[in-house]
Structure formats: structure tokens, C-alpha cells
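Chemist: Provide a 3D model corresponding to the input given below.
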Amino acid sequence: MQIQVIIDRMWYSHPNWQGLSYGQLAVLFVAYLIYQRSHRLSSMEQWVKEHHTVLEQVTGWSIGPKEATDDRLGILLDALGSDEEQSVEFQQQLGRHLIQAYELPTQVGRYDTTSFNVYHAPPTAEQAGYGLLRFGYSKDKRPDLLQFKQGLGTLDPAGVPIVTHTLSGERADDGQYLVAWQQMCQTIGHPDWLYVADSKAAARQIRGSIDHTGGRYLFPLPMTGDTPTWLRVQVLSPPVEPEKIYLPGVLDKDNQPRAVGQGFVIERTITEPLTDGTSHEWTEQWFVSQSLAHAERAKISLKRRLSQSVDKLGSLRPKAEETAAEFEQRANQLLKQRKMEDYLAITVQETVTTTKRYLKPGRPTPNTPYQLIEQHQLSLEVEIAEAALDEAYRLAG
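Modeler: Alright, predicted model coming up:
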């Protein structure tokens, strides 16, 4: 992989540095990480001592007893990570070598980010603003833990990494997708390849910048803005006849190709201002597809939730002294909790009966004083919104 060669070509050690070069020590450190699955610097010296003979025979180097102390590793990592531009250049040189040496295909590349929680003491006031471990939005629902974020760009189909980013935990990673694409283009040597990423890369400005530079992309659109409304209209009234989708090797019981879905393609013209102040117009292909298996699962789930909600509403009884409005509010709250307010409509019926209660004992006479007592009886009527339910079935998948 030429890790040693590229590092020694880009970083020069201090004149007083003796023993293994930066590149050689970096190769040993990578081997240690893979073997031990640990990044603790303090234990590498002992690991090198335990495997000293094997390491010398495999590498052909003369490895001294103090080559891998934590002090030397700290100096190495500080040198390799202190200049971000130099680190990016190293990744690009290494990536170009891998592509050329192994004749890697470059038609499709991917990029994604994720966050990693760590159990670590929070930074002190003096350390504020430094380091990567910060509090931020946690997708793991652990806002109490420090975290950092990692981005990785790879080439299909082997998943060979050519770009990596380590970000502090409080940073938003949306803008990193365009930076990653630009760096991957520099490594590959041109923008004419398919960039695949998640919906965070689908911002109009990112899409416009990629197309403006001659790139291609494949992103799922986030269900924000007017996209859900537009998608609903297209699915309910397709502008073209949907086509069946088949996958290789997917056969029915008669050993014939079985459709796994259906969909259609629409071309849309987009106009977006770029960061340089100019405006760019381009045409996109929007793929609208339906997975038949996913649609069936969604329908079954909706039917089950609908039945359970109807049963739950049927067993709902008014509390003592509860008004019709309060009873209806409690029923609507149940629908909201089950996310069924679009498919079920409820009506509270109130029946009032009046009875006389005589105020004196004995047989009443026409002149016996009495009090009229009103009794309120509440009942709940549930109606299924058939039109909304039918629409949900058509939109499933």
C-alpha cells in the first residue's frame, strides 16, 4: 500500500530522531491496531516486545526495544495530524496509488458519516474549544456522553476507503458531503463517477454544485419541504405507467422472474444559486419506486393498528363526572398516541334523562315537593375514514 513510502516522502522527522522512520513506525502502529483492536498507546511497547522476532522477520527492519514507546507514538501522531491539508494530501496520494496499483474500478463511490459515543471526562474550562470529544446531538439517545463523528468515502464494489474525516462531536456533518465529493474527485482524478450518499447529501446546493462541476449523484430525497406533497400527488396520479421492477435471481414458484416492485421516472428541471453568486440550472431524474414486500408489511401493520385502536376505543368508558368534551379529548389523545387520527373519526353522543326525587318520605301527592335529577350518559361512536385508509394503502411501500 506504500504507507511507509508516502509518509516518509511527506513528513520529515526531527534531526535527533533515531531508529525507525515515521513511515515504518506508522506501519507498526497500524499492525498493532488491527491485531489488538485497541488504540491505547501505552501498551504497544509491550506488544512489540512480545512479537519482536516475528515483526523483524516480516518487515526486514531492525526494531529496537524502545521504538514503540508512547512518547514516540505521541510525537508521530502529532506530526501526522497537526496539518489538515497535509493529511488530506496523504489520503489522496494513498488513494491514487491503490487505484492504480490494484486497477480499482472508480465508477461508483460512497460517503457516509456516523457518530461514536465515548465514556470520557468532560473537558475543563481550560480545554474548552480543543479536542474532538464534544457533547452534541446523539442518534443513540445518549446526550450525556461525549462523542466524535467519523466520515468515510469508499469505492464500490470492494469498499476500499479513499477519504476519511474525523469531526468534533458537536459539528453538523451535512456540509461535509460536498467536501468529501470534492476530495474524492481529486483522488480519482475526475468528477465523472456516481456519488452515492444518504439524504443529508441531497441539499439542493450540494446537488447543484456537483452537477455544475460535471459530477453525477444518487441520493434519496429527505421527506421535508414540498417533497412529501409532490410525491403523494405523483403516486396517486402517476404521470406515466409504472413499470415492474425485477432483480436477478428472484423467481416465483413457477421459476419465472418475480417482480419485487414497481416505479416510474420523472425529469425535473432545478435552478439553484451557487456559492459564487451565479445560478445553475440542470435536469434531474427522480425515481419513484414502490417495494411490494415493504408495501405489504406496511398494510398489515396499519390494519393491525386500526383493529387494535377500534377495540381500545370500544372499551373506553367515561369517568365519573367527566364531561362530553373531556371524554372526547381523552379518546382523541388515544388516537394521537397510536397515530391513527387520520384514519378514525370519533363522535361523543350524550343522552340526558330526567327523574324526580321527592324531598319528603311517604306516598307522594301532587303537592309533595320534589327535585329534578339529570343523568348524563356518554357513548362513543367510531367511524373509519375509508378514503384516507385507501390512500394510505396506495402510498404504502
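Chemist: point out where this protein drops to low pLDDT.
Modeler: In the predicted model of the chain, residues 123-131 satisfy pLDDT under 70.
Chemist: quick one, domains of it?
Modeler: 3-82, 84-93+103-222, 297-395 (automatic domain parsing).
Chemist: end to end, how far does the longest one reach?
Modeler: It stands for domain 84-93+103-222. This stretch, domain 84-93+103-222, spans 31 Å end to end (Cα to Cα, to the nearest Å).
Chemist: if we can go back for a sec, of the domains of the chain, which is nearest residue 274?
Modeler: Closest approach to residue 274 among those (Cβ to Cβ): domain 84-93+103-222, 6.1 Å. For every residue, glycine as well, the C-beta is placed using N, CA and C.
Chemist: show me what contacts the residue nearest the centre of the chain?
Modeler: When Cα atoms, centre = their mean is applied to the chain, the residue found nearest the centroid is residue 198 (7.1 Å). Residues counted as contacts of residue 198 (Cβ atoms under 8 Å, 6 or more residues apart in numbering) are 112, 219, 220.
Chemist: now, those that are in strands?
Modeler: Counting by DSSP state E, the part of those found in strands is residue 112.
Chemist: which outside residues touch the helix or strand where residue 71 lies?
Modeler: Assigned by DSSP states H and E, residue 71 belongs to helix 70-81. The set of residues external to helix 70-81 that reach it, using Cβ under 8 Å, 6+ apart, is 7, 11, 13, 17, 22, 25-26, 29, 41-42, 44-45, 66, 87, 90.
Chemist: can you list the domains of the chain in JSON lines and add distance to residue 250?
Modeler: JSON lines is the format used below for the domains of the chain (distance: least, Cβ to Cβ, whole Å):
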{"stretch": "domain 3-82", "distance to residue 250": "37"}
{"stretch": "domain 84-93+103-222", "distance to residue 250": "20"}
{"stretch": "domain 297-395", "distance to residue 250": "17"}
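Chemist: out of those, nearest to residue 260?
Modeler: So among the domains of the chain, domain 297-395 is nearest, using Cβ to Cβ, at 13.3 Å.
Chemist: neighbouring contacts of stretch 259-277?
Modeler: 204-205, 207-209, 212, 234, 238-247, 250, 279-293, 397.
Chemist: show the buried residues in those residues.
Modeler: Buried subset of the contacts of stretch 259-277 (neighbour count, 16 or more other Cβ atoms under 10 Å): 207, 208, 209, 212, 280, 288, 290, 291, 292, 397.
Chemist: just the ones of these in helices?
Modeler: Those of the buried ones among the contacts of stretch 259-277 mapping onto helices are 207, 208, 209, 212, 292, per DSSP state H.
Chemist: which one of the residues you listed is nearest to residue 187?
Modeler: residue 209 (17.8 Å).
Chemist: leaving out chain neighbours, which residue sits closest to the closest one?
Modeler: Of all residues not flanking residue 209 in the chain, residue 178 sits nearest, at 5.9 Å (Cβ to Cβ, 6 or more residues apart in numbering).
Chemist: quick one, what contacts the one you found?
Modeler: Residue 178 touches 201, 205, 206, 209, 210, counting by Cβ under 8 Å, 6+ apart.
Chemist: over to residue 343?
Modeler: Neighbouring residues of residue 343 by Cβ under 8 Å, 6+ apart: 302, 306, 384, 385, 388, 389, 392.
Chemist: any chance of these in TSV, plus distance to residue 62 and secondary structure?
Modeler: Output for these, formatted as TSV (distance: Cβ to Cβ, whole Å; DSSP: H, G, I helix; E, B strand; the rest coil):
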residue	distance to residue 62	secondary structure
302	70	helix
306	75	helix
384	81	strand
385	80	coil
388	77	helix
389	76	helix
392	71	helix
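Chemist: in PyMOL, select just the buried ones from those residues.
Modeler: A single PyMOL command selects the buried members of these (16+ other Cβ under 10 Å):
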select buried, resi 302+306+389+392
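Chemist: rebuild the contacts of residue 343 as a markdown table, extending it with distance to residue 58.
Modeler: As requested, the contacts of residue 343 are exported to a markdown table (distance: Cβ to Cβ, whole Å):
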| residue | distance to residue 58 |
| --- | --- |
| 302 | 60 |
| 306 | 65 |
| 384 | 71 |
| 385 | 70 |
| 388 | 67 |
| 389 | 66 |
| 392 | 62 |
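Chemist: ok, which stretches of this structure are strands?
Modeler: Assigned by DSSP E, the strands in the chain fall at 108-118, 146-155, 160-168, 194-196, 216-218, 243-251, 257-273, 279-291, 344-358, 370-384.
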